[in-house]
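Student: what follows is a predicted structure for the sequence shown.
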Amino acid sequence: VVQFDPRLVVSPFILFRRLKEGRGPRLVDVRAEPSARTLRGAERVAGPDWRPGDEVVISDQEHQSGLLPWMILAKRTGIRVRTAALSDNPDEILQNFEDQITSKTRIVFASHVTHRGLLLPARQLVDLAHENGALMVFDGAHAVGQIPVYPHRIGCDAYLASGHKWLLGPQGTGMAYVPQKHLETFQPSWSGWGAQQDEYLDNPHAPLAMKDSARRYEFGTKHWSLYPGLGASIEFIGSIGVDGIRERVTPLAERLKHHIKQFPTLLLLTPLEEAMSTGLVSVRLPETTPKNLKDQLWDKHRMLVSYDYPHRVLRFSVAFFTTEEEVELAMDAIRELAAA
């Protein structure tokens with residue numbers, strides 16, 4: 001890892017230029033082919049020109065941030081959103097996606113790692129989408145910082161990620177990887193100053209000319225102080241190494257999952273297999289579980305968890321800095337929940 005001073009990062013473009021030149025850690029390896037990258041507003045990469053009747057296939061485990069944009073797009077343009085069920089069987093996942101893809105499918109969209117901790121067979125999904133003439137887009141919010149990510153090896157058509165989750169960066173930062181060949185395919189949802197070619201500044205009547213990189217997805221006034229923070233976060237995670245993080249987290253998460261499996265009143269939602277899972281461990285709790293469980297766990301154990309009360313899904317985030325003692329504490333809490 002070649003060091004650089006994150007205080008010198010004054011813009012998203014400079015940060016990625018430093019990473020490209022080798023002056024920073026390679027958490028998302030995109031150097032093997034011409035590509036475009038942006039650090040702001042991954043949601044701005046909107047996709048092709050949509051027509052009524054076009055279809056998008058998504059998984060049934062998308063976070064609201066990955067679901068709502070497609071539902072709004074369906075309402076505004078008349079496209080159809082189809083849903084493929086996920087499971088802990090990769091062959092079944094691929095079959096379920098194949099069953100939903102039709103000749104009208106324009107994009108297949110899925111979380112590389114779902115918010116319940118399932119690691120999808122990314123390369124096989126890309127092949128499936130491309131065999132059917134569709135583009136493949138991944139939400140990498142729960143992948144980047146947890147596992148090595150190689151968009152060019154996966155072969156996807158766009159890869160989006162968040163800065164504030166496993167990268168431990170500031171909220172309000174995000175990243176989008178778009179291969180150069182798809183810059184015209186993925187049109188910006190909205191735009192403004194800074195996204196155009198410089199010559200367009202002095203002649204607004206000239207043909208529209210957007211920047212020839214992912215900087216076309218960035219515009220307007222930015223919260224500059226966030227980006228040095230993101231740069232420092234990337235540097236910090238890179239100094240540890242994603243492979244080392246994976247090696248540290250896997251046995252801790254496996255211990256927690258095997259503990260959950262002991263109790264018949266609990267349903268483990270995250271696969272046991274290392275190849276299909278990460279540090280996110282999700283469990284469905286009994287119907288009698290109280291709504292204020294999250295507050296109870298904090299008050300009693302100072303344990304911060306995610307709790308989806310309507311679906312009674314409790315989620316633990318096992319990170320590289322999680323200690324064995326903290327895993328023991330989580331196991332104690334699970335034992336109490338199962339007994340109740």
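Tutor: Perfect, thanks for sending it. Predicted, not measured: the structure shown is a model, and the values here were computed from it.

Student: C-alpha only now, for contacts and for neighbours.
Tutor: OK.

Student: what about Leu314, which helix or strand?
Tutor: Assigned by DSSP states H and E, Leu314 belongs to strand 313-317.

Student: quick one: mean pLDDT for that strand?
Tutor: The predicted model assigns strand 313-317 a mean pLDDT of 95.

Student: how about stretch 264-277?
Tutor: 94.

Student: now that stretch: buried residues?
Tutor: Of the residues in stretch 264-277, 266-272, 276-277 count as buried by neighbour count, 16 or more other C-alpha atoms under 10 Å.

Student: how about stretch 73-83?
Tutor: Going by neighbour count (16+ other C-alpha under 10 Å), the buried part of stretch 73-83 is 74, 78-83.

Student: what about the stretch 151-300 of the chain, any weak spots by pLDDT?
Tutor: Low-confidence segments of the stretch 151-300 of the chain (pLDDT under 70): 199-204.

Student: please enumerate the helices of it.
Tutor: When secondary structure is read from DSSP state H, counting those that start in this stretch, the stretch 151-300 of the chain shows helices at 151-154, 226-240, 242-260, 293-301.

Student: out of the ones you listed, which is the most enclosed?
Tutor: Of all the helices of the stretch 151-300 of the chain, helix 226-240 carries the top mean neighbour count, a mean of 21, counting by mean count of other C-alpha atoms under 10 Å.

Student: tally up the residues packed near Leu128, please.
Tutor: Counted with other C-alpha atoms under 10 Å, the neighbours of Leu128 add up to 20.

Student: what about the nearest residue to it once chain neighbours are set aside, distance to Arg82?
Tutor: Spatial nearest neighbour of Leu128, chain neighbours left out: Glu98 (7.2 Å); criterion: C-alpha to C-alpha, 6 or more residues apart in numbering. Glu98 sits 11 Å away from Arg82, taking C-alpha to C-alpha, to the nearest Å as the criterion.

Student: measure stretch 55-74 end to end?
Tutor: Start-to-end, stretch 55-74 (C-alpha to C-alpha) is 9 Å.

Student: that one: how far from the chain's middle?
Tutor: A distance of 13 Å separates the centroid of the chain from that of stretch 55-74, by C-alpha atoms, centre = their mean, to the nearest Å.

Student: pLDDT of that stretch, averaged?
Tutor: The average pLDDT within stretch 55-74 is 92.

Student: list the buried ones in it?
Tutor: Buried residues in stretch 55-74 (16+ other C-alpha under 10 Å): 55-59, 61-62, 66-67, 70, 74.

Student: with stretch 211-218 instead?
Tutor: Those buried within stretch 211-218 under the rule 16+ other C-alpha under 10 Å are 213-218.
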